[in-house]
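Participant: sequence and predicted structure below; questions after.
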Amino acid sequence: MASRARKASRRKAAMPDFVEPQLATLADETPSGNQWIHEIKYDGYRAQVRVEKGKVTISTRRGYDWSEKFSDIAEAAERFPDCLIDGEAVVLDAKGRTDFSALQSALAGGRKRAIILFAFDLLFLKGEDLRSLPLLKRKAALARLLGKAHEKTSVISFSEHFTASGDEMHDSACALGLEGVVSKRVNAAYRSGRNENWLKSKCGERETFLIGAWRETTGGLQSIALGELRDGKLAYVGKAKSGFRDQEDQLLKDFRKVETSRTPFRISGPEPKDGQRWAEPVLQAEVTFTAWTASKHIRHAKFLGVRQDMTPPVKEERKAAPKSYGRNVQRLLARAPVPADDMLRRYWKAVGKKALKYLARRPLTLVRHEKGRVFFHTGVIPPTPNTVHRMTIQKREGGAGTRLWVDSVAGLVALVNAGVIEVHPWCSTVDDLEHPDVMILDLDPGEGVEWSFVRDTALALRDFVKDEEGLASWPKATGGKGLHLMIPLDGTRDHDAARNYAHRISSAFAKIDKRYTTVAGASQRRGKLFIDYLRNGRGQTGVGAYSPRARPGFPVAVPLTWKKVENGRQSNALSIDDFV
């Protein structure tokens, strides 16, 4: 009884300005069974409709305000009580199918009345947070809210769902020429970010890529060169040579705004040709294509449009951004999901006391989100309250830098206001910056390495460190695919000595099995387990204990016991949802 009361009170909450949307994970097959319902995969722009005291704000997937662009939808929503609706803004073709190119044209030409909203979820209603409710209860509440808006002629329509078998649903969608199917667990709560409670199965290949170059001749726009980020570097994936249609003039204007003097591609790239021009990779193109090649290039790509909802207009971004913006990105994390701020605050309040044992009074390297991008931060740090402390350090390469540190739960919570998702602490404390009190050996499996081998290696390395060096250790899940072996030190070594010590231990242990390597290069990693000692050294870090990860499902890096490792506990077994 008390538990139900607590859940009810927890759902009462002030409605946030924006909730990071839940995203579907790509699946090879459409799931079946009574735990799943299916919806049509709409070909449009994700739209979040927020109504408060009659004022309507419509946000894109990245949180940009598009209320004016979707003004007819906003006007229709004014009659609703306070609520937060999740849906997709689309334009329908003559056969009633959603048409992404037509949506682009409607937005460009100001034909707003062609744009409608298919609403498929309800997150808040009249001061109540519905996200913890099962999906079918949320959809039932949404249907009641919309009322007559179910009619196909309405600007806002309820997104119907189906209970057919997965194969039947997928075959029917593809036969009708639709983009695909989104399948959802009927009893799952709404959880921001990409996770497997929502699965998408496509009728063809379709992706969003960064635009790195274009080619124009006297005949107009000939092609655009596309890329994706791989390990923080822009990799060339191919060209789109068709689909520009009536978007050509606007595309050329946008491309010229981001023109740069040299290629942005760092992995492969198109050969320079007459008329080819390079672009700063900030614009994102939606394309369809027939297949991926063995060399990770796309075949027969067709351009559909620039994802304006995921990239702010070039002129506005450059005008609004501070001078330091861009230089603050040390390493971009491509397509990393972002948990909702209120979820992060609840999480840190729940685990903060335990987390401080590992994070307190240590300089922190930060993973932040800002303007739709997730990145390892460098440079100017946003304003923070007094519960977040700052210290000036001397950099080895010269000059001074600033690091944040915390010593309270309030400090951890306050980091959320600065856009912080992950925290990576130094191996030393602010009380003795130059002498680490812990050493990290990171077990990082390459492609084809099973978890059982990671587990067995961790146990063997624990025994090796104990027998050969007389050092105890404890395991830490990383929220990813590997494990950290954490080894307390006595604080007598400086950072260089600690790194050399880690290198010596790793190299000696790696001789035991040819499947181990201490070489960081990707070409050395396939089928091998990388024993990474490089996280030791001045300013080098590993993800902190209890830090959330900017990954699908928002897994958490947590301390483990050796018993749990022996029993097969995987490194991404726990997520934020397990603590809040």
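Facilitator: It's in.
Participant: can you show me the helices along the chain?
Facilitator: 2-11, 71-77, 100-109, 135-146, 166-175, 248-257, 314-320, 341-359, 409-415, 451-469, 495-510, 562-566 (DSSP state H).
Participant: return the most buried member of those.
Facilitator: The highest average neighbour count among the helices of the chain, using mean count of other Cβ atoms under 10 Å, belongs to helix 409-415 at a mean of 21. For every residue, glycine as well, the C-beta is placed using N, CA and C.
Participant: what is that helix packed up against?
Facilitator: With contacts taken as 3 or more Cβ pairs under 8 Å, 6 or more residues apart in numbering; DSSP states H and E, helix 409-415 sits against helix 341-359, strand 388-394, strand 400-406.
Participant: same thing but at 6 Å, please
Facilitator: Under the contact definition 3 or more Cβ pairs under 6 Å, 6 or more residues apart in numbering; DSSP states H and E, helix 409-415 sits against helix 341-359.
Participant: where does the prediction get shaky in this protein?
Facilitator: 1-11, 110-113, 148-153, 232, 309-327, 329, 395-400, 520-525 (pLDDT under 70).
Participant: domains of it?
Facilitator: 2-188, 206-318, 321-426+541-550, 438-540 (automatic domain parsing).
Participant: distance to residue 575 added to those domains, as TSV?
Facilitator: Output for the domains of the chain, formatted as TSV (distance: least, Cβ to Cβ, whole Å):
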stretch	distance to residue 575
domain 2-188	13
domain 206-318	24
domain 321-426+541-550	8
domain 438-540	8
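Participant: out of those, which is closest to residue 194?
Facilitator: Ranking those by proximity to residue 194 (Cβ to Cβ) places domain 2-188 first, at 4.0 Å.
Participant: now find how far off-centre the closest one is within its chain.
Facilitator: 20 Å (Cα atoms, centre = their mean, to the nearest Å).
Participant: dump the residue contacts of residue 479.
Facilitator: 549, 555, 556, 557, 572 (Cβ atoms under 6 Å, 6 or more residues apart in numbering).
Participant: re earlier: out of the domains of the chain, which gets nearest to residue 579?
Facilitator: Among the domains of the chain, the nearest to residue 579 by Cβ to Cβ is domain 321-426+541-550 (4.8 Å).
Participant: rewinding a little: so which of the helices of the chain comes closest to residue 442?
Facilitator: Closest among the helices of the chain, using Cβ to Cβ: helix 495-510, at 9.6 Å.
Participant: from the chain's centroid, how far away is the closest one?
Facilitator: 33 Å.
Participant: who touches that helix?
Facilitator: 436, 439, 461, 464, 516, 518, 531, 533, 536, 537, 538.
Participant: kindly report the same for stretch 115-133.
Facilitator: Contact with stretch 115-133 is made by 11, 13, 15, 19, 42, 47, 73, 81-89, 91, 106, 138, 141-142, 155-157, 159, 189-190, as judged by Cβ under 6 Å, 6+ apart.
Participant: and that stretch, C-alpha only, in CSV?
Facilitator: The C-alpha coordinates for stretch 115-133 follow below in CSV (Å, rounded to 0.1, in the frame of the first residue of the first chain):
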residue,chain,number,x,y,z
ILE,A,115,1.6,19.2,-42.2
ILE,A,116,-0.2,17.0,-39.6
LEU,A,117,0.8,15.3,-36.4
PHE,A,118,0.5,11.6,-35.6
ALA,A,119,0.5,11.5,-31.8
PHE,A,120,1.7,8.2,-30.3
ASP,A,121,2.5,8.9,-26.6
LEU,A,122,1.4,11.0,-23.7
LEU,A,123,4.1,11.9,-21.2
PHE,A,124,2.4,14.4,-18.9
LEU,A,125,-1.2,15.3,-18.2
LYS,A,126,-2.6,17.9,-15.8
GLY,A,127,0.4,17.9,-13.5
GLU,A,128,0.9,14.2,-13.5
ASP,A,129,4.0,12.5,-14.9
LEU,A,130,2.8,9.5,-16.9
ARG,A,131,6.2,8.2,-18.0
SER,A,132,6.3,5.4,-15.4
LEU,A,133,2.9,4.0,-16.6
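Participant: give the buried residues for that stretch.
Facilitator: 115-125, 128-131, 133 (16 or more other Cβ atoms under 10 Å).
Participant: looking at those residues, spot the one nearest residue 37.
Facilitator: Of those, the one sitting nearest to residue 37 (Cβ to Cβ) turns out to be residue 120, at 10.5 Å.
Participant: max-length strand in this protein?
Facilitator: strand 205-217 (DSSP state E).
Participant: for it, packing partners?
Facilitator: strand 220-230, strand 276-279, strand 284-289.
Participant: possible to save those strands as a markdown table with distance to residue 251?
Facilitator: Below are the helices and strands packed on strand 205-217 laid out as a markdown table (distance: least, Cβ to Cβ, whole Å):
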| stretch | distance to residue 251 |
| --- | --- |
| strand 220-230 | 6 |
| strand 276-279 | 11 |
| strand 284-289 | 9 |
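Participant: strands - which of the contacts of stretch 115-133 land there?
Facilitator: If you go by DSSP E, these have 47, 83, 84, 85, 86, 87, 88, 89, 156, 157 in strands.
Participant: once you drop chain neighbours, what's closest to the fifth one?
Facilitator: With sequence-adjacent residues excluded and distances taken as Cβ to Cβ, 6 or more residues apart in numbering, residue 86 is closest to residue 121, at 4.0 Å.
Participant: now residue 252: how far from residue 21?
Facilitator: 32 Å (Cβ to Cβ, to the nearest Å).
Participant: need the contacts of helix 495-510 in JSON lines with distance to residue 223, can you?
Facilitator: Shown next, in JSON lines, are the contacts of helix 495-510 (distance: Cβ to Cβ, whole Å):
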{"residue": "436", "distance to residue 223": "52"}
{"residue": "439", "distance to residue 223": "51"}
{"residue": "461", "distance to residue 223": "51"}
{"residue": "464", "distance to residue 223": "55"}
{"residue": "516", "distance to residue 223": "45"}
{"residue": "518", "distance to residue 223": "43"}
{"residue": "531", "distance to residue 223": "44"}
{"residue": "533", "distance to residue 223": "45"}
{"residue": "536", "distance to residue 223": "47"}
{"residue": "537", "distance to residue 223": "45"}
{"residue": "538", "distance to residue 223": "47"}
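Participant: and for residue 333, the neighbour number?
Facilitator: 20 (other Cβ atoms under 10 Å).
Participant: what separates it from residue 230, distance-wise?
Facilitator: For residue 333, the distance to residue 230 - Cβ to Cβ - is 12 Å.
Participant: try residue 122
Facilitator: 38 Å.
Participant: contact partners for residue 280?
Facilitator: Contacts were defined as Cβ under 6 Å, 6+ apart; by that measure residue 280 touches 258, 260.
Participant: could you check how far residue 237 is from residue 260?
Facilitator: 19 Å.
Participant: for residue 133, same thing?
Facilitator: 48 Å.
Participant: one more: residue 225?
Facilitator: Here residue 225 is placed at a distance of 13 Å from residue 260 (Cβ to Cβ).
Participant: please apply the same query to residue 37.
Facilitator: Taking Cβ to Cβ, one finds residue 37 at 46 Å from residue 260.
Participant: more neighbours: the two, which one.
Facilitator: Ranked by neighbour count (other Cβ under 10 Å), residue 37 and residue 260 place residue 37 first, with 19 against 13.
Participant: what pairs with the more buried one across the strands?
Facilitator: Taking DSSP bridges as the rule, residue 37 bridges to residue 184.
Participant: check contacts around it.
Facilitator: Counting by Cβ under 6 Å, 6+ apart, residue 37 has contacts 161, 163, 184, 186.
Participant: gap between the nearest residue to the last one once chain neighbours are set aside and residue 35?
Facilitator: Spatial nearest neighbour of residue 186, chain neighbours left out: residue 136 (5.0 Å); criterion: Cβ to Cβ, 6+ apart. For residue 136, the distance to residue 35 (Cβ to Cβ) stands at 11 Å.
Participant: before we move on, the earlier item: show me the buried residues of stretch 115-133 that map onto strands.
Facilitator: Counting by DSSP E, the buried residues of stretch 115-133 contribute 116, 117, 118, 119, 120, 121, 122, 123, 124, 125, 128, 129 to strands.
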